[in-house]
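Enquirer: no FASTA, just this:
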């Protein structure tokens, strides 16, 4: 049984150390025999760095390193070329000055290693001279690999001034590549987002973006049909030792937790970091999400909560998925590029193509919604998690009053300045709670109309729920509040019965509970059940 390469991004170390390697050399071969300059966007910890290292090793001249892999038996000549590898995730970016100094030190280190004579202390000049000198020294054109190009900007989305200042530094650095065509064999740039690609590489119009191309849909990640091929022994071993059930059951649960990513709605991909972490830790957990909580994304959603309610079954054009600048950030495309949404369906007719997006799997859905609840209510994560688990227990025992009490406490924790004028906060919290609990949210109801329908099918009972929000000024009299409650509850009953939300469950031999929750303030909620 091969070793698990968790945390390893070096192709040579994986191959020589008898680690599992999911063969991606077919893509390397195709890239080396096609155009010369590439761009690829994929989520963090999804295999981009390993793929770049595989390209670098393909230019090392060591053909035997690839024995048994796709590219080994092709006509690729394995000629050695000088490679410049720049990993922006390892470059300090706390300020433009630190970023520039770190880039200069990176180039200096390579210059010293190659024993080159370059006197310039300017970043752009050093990069230019290094490319020219390597071409001259080896008489082979240079390969430039840039990993996580957007990190100096992405790390500081909350600080627009710093993000833009860092963008200007790297733009001045990358601009050198435009004039280096005679010296370059290949350029491959990776990143998480695409929102700065156009501005940073402006004028460099031959950078070929393969992000959404069907031919490269599974260039990173583990295809579902490859799970048993590469990890079948690990699944069998874990199933026999940990009480996860048989291998078939464990296989299914792995897919529920970590499968679901797609860039073409055809290829289904498993998150490699989460899968490897699961095998190493021998338990299911939100490994990928927990490795880098997207606080900047949550803050953006908190500023515009209606966006959160529209994330399920979201439809966007291909053009809309390409963000071009970080000065006007659209949340949904950024969530997609970052890995919190994935392609569920592609609609090509009529053009341009439209993409239906959704959250990829249980790991992302549960962790993301818990984070939203915590942020919107300004509760600690452990308090939020305890609350939603208690809601689950209340529903399983049929104690809706207990659920109501917990919801009151969640709403009471919404900051007063937010609760007064933004009903979308309430909807977002309800939606997040219901999604975490596994509710089927009825998306056909207009969010702006103040209605969210939810159904939950348990073993012995079904809940059909309707949530109503009514705007209520702070000085409203008790009598007026009573009237508002009565009207909201009455409307909810009519909504459920009139639209027949519970009909599909009737005659099934299980209990059906219909419930309307009406709320008019931070902790003023009433319920009617029948």
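Expert: Arrived safely, thanks for sending. Computed from a predicted model, the values in this text were never measured in an experiment.

Enquirer: in the stretch 101-250 of the chain, which ranges drop under the pLDDT threshold?
Expert: Across the stretch 101-250 of the chain, the ranges flagged by pLDDT under 70 are 196-198, 202-205.

Enquirer: which parts of it are strands?
Expert: 142-147, 184-191, 208-209, 222-223 (DSSP state E, counting those that start in this stretch).

Enquirer: which one of these lies nearest to residue 43?
Expert: strand 184-191 (10.4 Å; Cβ to Cβ). From N, CA and C alone the C-beta is placed, and that goes for glycine too.

Enquirer: the closest one: how far from the chain's middle?
Expert: 23 Å (Cα atoms, centre = their mean, to the nearest Å).

Enquirer: tilt between it and strand 142-147?
Expert: Per axes from the mean of the first three to the mean of the last three Cα atoms, to 10 degrees, the angle that strand 184-191 makes with strand 142-147 is 0 degrees.

Enquirer: buried set for stretch 401-410?
Expert: 403, 404, 406, 407, 408, 410 (16 or more other Cβ atoms under 10 Å).

Enquirer: out of those, which sit inside helices?
Expert: 403, 404, 406, 407, 408, 410 (DSSP state H).

Enquirer: closest to residue 102 out of those residues?
Expert: Using Cβ to Cβ, those come closest to residue 102 at residue 410, 43.7 Å.

Enquirer: quick check: longest helix of the protein.
Expert: In the chain, assigned by DSSP H, the helix with the most residues is helix 478-498.

Enquirer: just how off-centre is it within its chain?
Expert: 39 Å.

Enquirer: with stretch 152-171 instead?
Expert: 20 Å.

Enquirer: just the buried residues of that stretch, please?
Expert: 152-157, 162-167, 169-170.

Enquirer: next, residue 37: phi, psi?
Expert: phi -130, psi 120 (degrees, to the nearest 10).

Enquirer: neighbouring strands of the helix or strand hosting residue 465 in the sheet, and parallel or not?
Expert: Per DSSP states H and E, residue 465 falls inside strand 461-469. Strand 461-469 has the following strand partners under DSSP bridges: strand 451-457 (antiparallel), strand 511-519 (parallel).

Enquirer: just the mean pLDDT for the first one, thanks.
Expert: Meaning strand 451-457. The average pLDDT within strand 451-457 is 72.

Enquirer: go on, stretch 520-529?
Expert: Rounded mean pLDDT across stretch 520-529 is 81.

Enquirer: endpoints of it, how far apart?
Expert: 18 Å (Cα to Cα, to the nearest Å).

Enquirer: next one: stretch 2-20
Expert: Start-to-end, stretch 2-20 (Cα to Cα) is 6 Å.

Enquirer: repeat that for stretch 453-473.
Expert: End residues of stretch 453-473 are separated by 25 Å (Cα to Cα).

Enquirer: can you check stretch 211-221 too?
Expert: By Cα to Cα, one end of stretch 211-221 lies 13 Å from the other end.

Enquirer: got the buried residues for that stretch?
Expert: Quick answer for stretch 211-221 (16+ other Cβ under 10 Å): 211, 212, 216, 217, 218, 219, 220, 221.

Enquirer: can you report phi and psi for residue 344?
Expert: phi -100, psi -30.

Enquirer: correct me, but it touches residue 265?
Expert: Yes: between residue 344 and residue 265 there is a contact under Cβ atoms under 8 Å: 6.2 Å.

Enquirer: show residues contacting stretch 274-288.
Expert: 4-6, 45, 222, 231, 234, 238, 242, 253-254, 257-258, 271, 273, 339, 363-364, 366-367 (Cβ atoms under 8 Å, 6 or more residues apart in numbering).

Enquirer: domains of this structure?
Expert: In terms of domains, the chain is parsed into 11-216, 222-290, 378-529 (source: automatic domain parsing).

Enquirer: and these as TSV, adding distance to residue 359?
Expert: Output for the domains of the chain, formatted as TSV (distance: least, Cβ to Cβ, whole Å):
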stretch	distance to residue 359
domain 11-216	13
domain 222-290	8
domain 378-529	8
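
Enquirer: of these, which approaches residue 307 most closely?
Expert: The nearest among the domains of the chain, by Cβ to Cβ, is domain 378-529 at 9.0 Å.

Enquirer: and the end-to-end length of the closest one?
Expert: End-to-end distance for domain 378-529, by Cα to Cα: 30 Å.

Enquirer: chain center to it, what's the gap?
Expert: The answer for domain 378-529 is 28 Å, by Cα atoms, centre = their mean.

Enquirer: from residue 100, how far off is residue 87?
Expert: Residue 87 is 16 Å from residue 100, where distance means Cβ to Cβ, to the nearest Å.

Enquirer: next one: residue 401
Expert: In terms of Cβ to Cβ, residue 401 sits 61 Å off from residue 100.

Enquirer: check residue 42 too.
Expert: From residue 42 over to residue 100 (counting by Cβ to Cβ), the distance is 27 Å.
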